[in-house]
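Trainee: sequence first, then the predicted structure:
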Number of protein chains: 4
Amino acid sequence: MTLKVGVLGYRFMGKAHANALARLPMFFPDAPDVERHTLIGRDEEALSEAADRLGFAHTSTDWEEVIDEVDAFYNLGPNFVHAEPSIAALEAGVPVLCEKPLAANLSDAERMAEAARSADVPTATAFNYRFIPAIQYAKGLIEDGVLGEIHQFRGRYLQDWLVDPDAPWSWRNDEELAGSGALGDLGAHTIDLARFLVGDVERVSGHLQTFVDERPVEGESTGDGETAADETRPVTVDDAYSAQAELEGDVMATFEASRFANGHKNDHTIEIHGSEGSLKFSLERLNELEVLRGENRGYETVLVTDESDPYVEHWWPPGHVIGWEHTFVHENYEFLSAVESGTEYHPNFADGVAVQKVLDAIERSDESGEWLQVE
Amino acid sequence: MTLKVGVLGYRFMGKAHANALARLPMFFPDAPDVERHTLIGRDEEALSEAADRLGFAHTSTDWEEVIDEVDAFYNLGPNFVHAEPSIAALEAGVPVLCEKPLAANLSDAERMAEAARSADVPTATAFNYRFIPAIQYAKGLIEDGVLGEIHQFRGRYLQDWLVDPDAPWSWRNDEELAGSGALGDLGAHTIDLARFLVGDVERVSGHLQTFVDERPVEGESTGDGETAADETRPVTVDDAYSAQAELEGDVMATFEASRFANGHKNDHTIEIHGSEGSLKFSLERLNELEVLRGENRGYETVLVTDESDPYVEHWWPPGHVIGWEHTFVHENYEFLSAVESGTEYHPNFADGVAVQKVLDAIERSDESGEWLQVE
Amino acid sequence: MTLKVGVLGYRFMGKAHANALARLPMFFPDAPDVERHTLIGRDEEALSEAADRLGFAHTSTDWEEVIDEVDAFYNLGPNFVHAEPSIAALEAGVPVLCEKPLAANLSDAERMAEAARSADVPTATAFNYRFIPAIQYAKGLIEDGVLGEIHQFRGRYLQDWLVDPDAPWSWRNDEELAGSGALGDLGAHTIDLARFLVGDVERVSGHLQTFVDERPVEGESTGDGETAADETRPVTVDDAYSAQAELEGDVMATFEASRFANGHKNDHTIEIHGSEGSLKFSLERLNELEVLRGENRGYETVLVTDESDPYVEHWWPPGHVIGWEHTFVHENYEFLSAVESGTEYHPNFADGVAVQKVLDAIERSDESGEWLQVE
Amino acid sequence: MTLKVGVLGYRFMGKAHANALARLPMFFPDAPDVERHTLIGRDEEALSEAADRLGFAHTSTDWEEVIDEVDAFYNLGPNFVHAEPSIAALEAGVPVLCEKPLAANLSDAERMAEAARSADVPTATAFNYRFIPAIQYAKGLIEDGVLGEIHQFRGRYLQDWLVDPDAPWSWRNDEELAGSGALGDLGAHTIDLARFLVGDVERVSGHLQTFVDERPVEGESTGDGETAADETRPVTVDDAYSAQAELEGDVMATFEASRFANGHKNDHTIEIHGSEGSLKFSLERLNELEVLRGENRGYETVLVTDESDPYVEHWWPPGHVIGWEHTFVHENYEFLSAVESGTEYHPNFADGVAVQKVLDAIERSDESGEWLQVE
């Protein structure tokens, strides 16, 4: 059986997932057969070019039509279009992979999670960083008790692409379209890894800040008309956020993200301290994990590229490093295997809504100036 | 003229300052002449041994007597004995250097600052990390605009000496004697550097946590009697804290410290992001500063050991690194020069009380669960 | 026009190049169309499985037959089978890409280079590390004079897969089959980068060492019969080599490689010092280049993932790192573009033989104990 | 008993040793009592100022007179004045500490070693880097077998202070006065650590290079007359050297040093690979040692500042780093303890001459173009 996949979105994430699908046969021969069936978008010309390049057999400007024709639906559109197509697909019994954050707001995310529960098919919230070999290796160390009892979690995600006040406005700067800024786009990844590696977030205190209040409009519009050369639009989301949190088991946590961190391009750092050991990870050096084991004195820089490391035997010999895109291959492998076999997959929409509740609580906490329970 | 210095405290900090005083003549020939006049403590035998080793001419178990005989009074005792001797010295017109945090609580600190204002002699709160060449170099870069407008400050101070639940109880674990735990002991340094490098703290949200609630009593008691082998005492201060803050000029900040960070011995990290550049510093590599300059693409690892770097010409040629103790030499040089000349010194008691207000607000915020204005 | 490619070799390098060919359409749409036409090997069963997985239309156990059917011939076999098939292909006018080192010995390499000159079609010696974005960026810096006049070059390539004396014997341990050990396998890359970045090697002094003289035979035999459980074979190549060299322009150089460097998996390090600046590169962090620019004080860690960096716009946004395998995509893109257009390609067989002359001189120098001129 | 120390040389090394002597009582209370008795030099004014600052009771321009008055003689002068005063002191039965390299040439060094043998008093060649806690810790690891059988040693010492062709000529650029350049000044340290950590050097192949042939004369002359503003003098020593070597036990080694390594101030790096583990050390981060232990997968960054680490209990708590100058305190402590007790001290003059033989062989090998046996 070949799984037909329909994909909404043909830019950054569309390319990342199309590449992942294309690479499965050579590197994961036991993955289901997959057909890149239909690519979905609004601009027919760009869509056609993309489908050709990304290897899709068909294109469509109407996602509703596509749902009935595919075995899995990938929703890679902007946050504000996550809910309706995903819910429709689930109501049609089609498994859905949706990019993160699950939705632009908590009520949409909850509707999506409810649809997933009713549909009883595999769903995925695309927290691809769970599938980094070093993160899976970290998970194993924690489960094996190498860190002992976890005391502290620290996660931050630093980028710098908005530090220039003349960087153009996009949907990512708009609260209605994106939900939030650095918080939802970057923080969602951090919070997912906190849940994956340590445990649920129980209460939070949040802090959001917008350093540049309006930005020039340029090129990429949201489709609602002309843009004059000197037009600007308001930035209604956070440029950076921080949060303090308590995770289950009395774990103290801090989260942070910024799009204003000069010198950091895609620097997602996770640090965990336990009673017996510690861990450090950075996405810009994603083949490495720094591990303090109880019997050692300092952090050990482990190059997580041994044959025995998660997913590595599919790729190259030790020391032949993989890249960011490989996380999507692993993610697609796991999700499509679950689709084929009908087994459970994580992180699913329930995981996505769990993260969304934290995002929502952080934002409300920033407004109220108080710690808030999550849920 | 030779300045006679009286020093209360002969353990860790006593040794650090005695060493600093001893090294001035060879490396800072323009420093005032100093006599290590009297060392003050309670245990006569230990005191006598220490005075001999640390080069003090006299010893005393009564600080009140010493105040009249010296030109500068160093209060290096535990936090709960900072207030009375310092205030008495100031009332006698004697300049005072007091270890950090300024006091065990805000009201003591305010009384000390008030005494300093009245006395109109130089005072010092011993935030020695201001005097690291790399920190002074950082200060220069910020003042020269290399970082542009500051957007974010991040400071954390990680140690691991309490992660073992059997590590013995000491005065540092007692709220009445120490004021707070990691917050006051380590966080005070971080907050001082935030003020020094960026600006005043305007509002905070704090989070304190105690991971181990009681500890065995052993050896070092507070002097109030015998200790049975299996006695424990309650830990009434934080083992770790985190805080979110706004600094003047809309700067977003996070602070954190821990005594439970396995694998970190004395890791005080400062990171600053501005519109044009960024900085990173770590105390365990205190000769280095990582600088992102606007015209560069990545952080530059500057070894701050050139002849033109702050204080360096007094020491060794480029690349011949200095250590932690050198910060005390620079601090003593600056303070005693101010004492001799009668000029202003920073960080003084006013700086110390400014930090104490932040410590106090963080602690109250943790209790109330709300953001608090500082002051 | 579609270029039909025939590939001899289906293990490690076969997979690396097949993957590269497969990825061209999605990421390098202007690359020639390529058909993975025939995969060549000896073991029909393994070959068939590999061809299926790697996407080849046909298989063959006879390379001579394949030569006439393809537009480009890839020789990815062990060193001792580089010469004959490559020469035959060239004599048939078929462009050839051959893995490094060009041959198991200098005379074979020279015959291959002669055949390339006569054929006048593009050839490639597969020094893929030239095509790392950070190395191309380094090349640009040197050409732009950022380093000034080059004084010193240092290259070393450290692996650890033979440090266990029970690691099994393979053709890589046999002088006749492999030519040399760490020298040819790893050193060839280093010497090619020295030539690419700095200039020709003029004279050398070499040092080869074999730490383990015989190894157990296991599984992978060279096909000449049975192997008993406790059989061993002699190691007749170097486990590690070092060399001192002079490059053109009075550049002082050192080269080194080891298969016994515990803790190093695939650590190819290049360091260059010039009158105005310096460079450092490590293959295990191949997205990074450390650059000392004249106007700076320390090395700047450049993440070479900006859109303007070599090849990067084909892949992902800044900070989304690529892996080892991407070097093959770039290499194949450049070589096949040259094949299609008939333009010159480097590193070609002339470059390969230039490196081989250095390998040969290092080996002879080790035997004679004297410095030797190259050529 | 108080040891009277006479010191020839009052610049860089004079300051380093005077400081070391001054710090002994406070930090090494069991060290012998020491009097900084006489400081020796030629320029009376500069000498007087230095003696005052460095705490010497007397000055002298005639080392012969001083020898009879002191219990230990420190020869910290330029290389060409190492031999005569040291030999005279030894002939008078006075223990001698001499800066490295032991002499400007092998025959002087041998005369010095012969004098030491005859005198039968403790001697020291001032290879201070043996006394870095991290190096002592490394020594312990090797002795305990943590690295297994040693296969490879790599040492390099990079500085950049001559990369500017207008950097002024000094005695360090003159073969007669200095013996050699980077080789003797920096390489002597590397070779001593190879001997200390691994074993004797058996044969070598050397390579010396001078990048700038003459330099402007400025200020510091050798005392033989006037210098015109635009005068230059020839550079008759190496600006950089490299060497290949075999150490006892079939250990493969490479040594290298440069005064032209832009971006490196005082970067002495040692790397050792054994059958079970590896080590890495860098002088610019001298509190750290990177250790690969057999049971681990990657290098562990050990901060060698624990109480149990060599010499550390004398200084500060864990994580409170020491500096370059502390190596001199440890060295003086060990040497003067040996002087007081009459016990053996290493590295002594025999060690110094062993290093000098390697320096000499490297230089002769560079001239002859051949590998040479040492001795």
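Mentor: Nice, I can see it.
Trainee: residues near A:D306, how many?
Mentor: If you count neighbours by other C-beta atoms under 10 Å in any protein chain shown, A:D306 ends up with 16. Any C-beta I mention is one placed from the backbone N, CA and C, and that applies to glycine too.
Trainee: my guess is it contacts A:P318, does it?
Mentor: Yes: the pair A:D306 and A:P318 passes the contact test of C-beta atoms under 8 Å, sitting 5.2 Å apart.
Trainee: so A:A46 sits right up against A:Y10, yeah?
Mentor: Yes: if you go by C-beta under 8 Å, A:A46 and A:Y10 touch, sitting 7.1 Å apart.
Trainee: okay, these two: which has more neighbours?
Mentor: The residue with more neighbours, out of A:A46 and A:Y10, is A:Y10; 27 against 12, by other C-beta under 10 Å.
Trainee: name the residues of chain A found near chain D, please.
Mentor: If contacts are counted using C-beta under 8 Å from any C-beta of the partner chain, the residues of chain A sitting beside chain D are A:R293, A:N296, A:R297, A:G298, A:Y299, A:E300, A:T301, A:V302, A:L303, A:D306.
Trainee: those: which ones sit near chain B?
Mentor: A:G298, A:Y299.
Trainee: which one of the residues of chain A next to chain D sits closest to C:A253?
Mentor: When the residues of chain A next to chain D are compared for distance to C:A253, the smallest value, 27.4 Å, is given by A:L303; criterion: C-beta to C-beta.
Trainee: identify the bridge partners of the closest one.
Mentor: According to DSSP bridges, A:E288 are recorded as the beta-bridge partners of A:L303.
Trainee: in a strand, A:A109, correct?
Mentor: No: A:A109 is assigned helix when assessed by DSSP: H, G, I helix; E, B strand; the rest coil, not a strand.
Trainee: what pLDDT does the closest residue to A:V235 other than its chain neighbours get?
Mentor: Take A:V235 and drop its neighbours on the chain: the residue closest to it by C-beta to C-beta, 6 or more residues apart in numbering or on different chains is A:N173, 4.5 Å away. You'll see A:N173 listed with a pLDDT of 96.
Trainee: burial measure for A:N173, as a count.
Mentor: Residues near A:N173, counting by other C-beta under 10 Å, number 24.
Trainee: can you tell me which residues contact it?
Mentor: Under the criterion of C-beta atoms under 8 Å, 6 or more residues apart in numbering or on different chains, the contact partners of A:N173 comprise A:G181, A:R215, A:R233, A:V235, A:T236, A:V237.
Trainee: so which strand or helix has A:E271?
Mentor: Per DSSP states H and E: A:E271 is located in strand A:267-274.
Trainee: A:R195: what's it in contact with?
Mentor: In this structure, A:R195 makes contact with A:V201, A:D351, A:A354, A:V355, judged by C-beta under 8 Å, 6+ apart.
Trainee: out of those residues, which end up buried?
Mentor: A:V201, A:D351, A:A354, A:V355 (16 or more other C-beta atoms under 10 Å in any protein chain shown).
Trainee: among those, name the ones in helices.
Mentor: Mapping the buried ones among the contacts of A:R195 onto helices (DSSP state H) picks out A:D351, A:A354, A:V355.
Trainee: got JSON lines for those, with pLDDT too?
Mentor: Conversion of these to JSON lines gives the following (pLDDT from 0 to 100):
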{"residue": "A:D351", "pLDDT": "98"}
{"residue": "A:A354", "pLDDT": "98"}
{"residue": "A:V355", "pLDDT": "98"}
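Trainee: how is chain A carved up into domains?
Mentor: Dividing chain A into domains by automatic domain parsing, as the record does, gives the ranges A:2-128, A:130-322+A:349-373.
Trainee: so which of those domains gets nearest C:P29?
Mentor: For C:P29, the closest of these is domain A:2-128, at 5.6 Å, according to C-beta to C-beta.
Trainee: now the helices for the stretch 151-300 of chain A?
Mentor: A:175-178, A:182, A:188-197 (DSSP state H, counting those that start in this stretch).
Trainee: show the pLDDT at the residue lying closest to A:D166 once chain neighbours are set aside.
Mentor: Leaving aside its chain neighbours, A:D166 sits nearest to A:P216 (6.2 Å; criterion: C-beta to C-beta, 6+ apart). In this prediction, A:P216 carries a pLDDT score of 96.
Trainee: which residues touch A:P216?
Mentor: Each residue near A:P216 by C-beta under 8 Å, 6+ apart is listed here: A:D166, A:P168, A:W169, A:D230, A:E231, A:T232.
Trainee: which pair in the buried ones among the contacts of A:R195 spans the largest distance?
Mentor: Taking every pair in those and measuring C-beta to C-beta, the maximum separation is 12.2 Å, between A:V201 and A:D351.
Trainee: which one is the residue of the stretch 51-200 of chain A found nearest chain D nearest to, not counting chain neighbours?
Mentor: Of all residues in the stretch 51-200 of chain A, the one sitting closest to chain D is A:Y137 (10.0 Å; C-beta to the nearest C-beta). Nearest in space to A:Y137, with sequence neighbours left out and distances taken as C-beta to C-beta, 6+ apart, is A:V304 at 5.0 Å.
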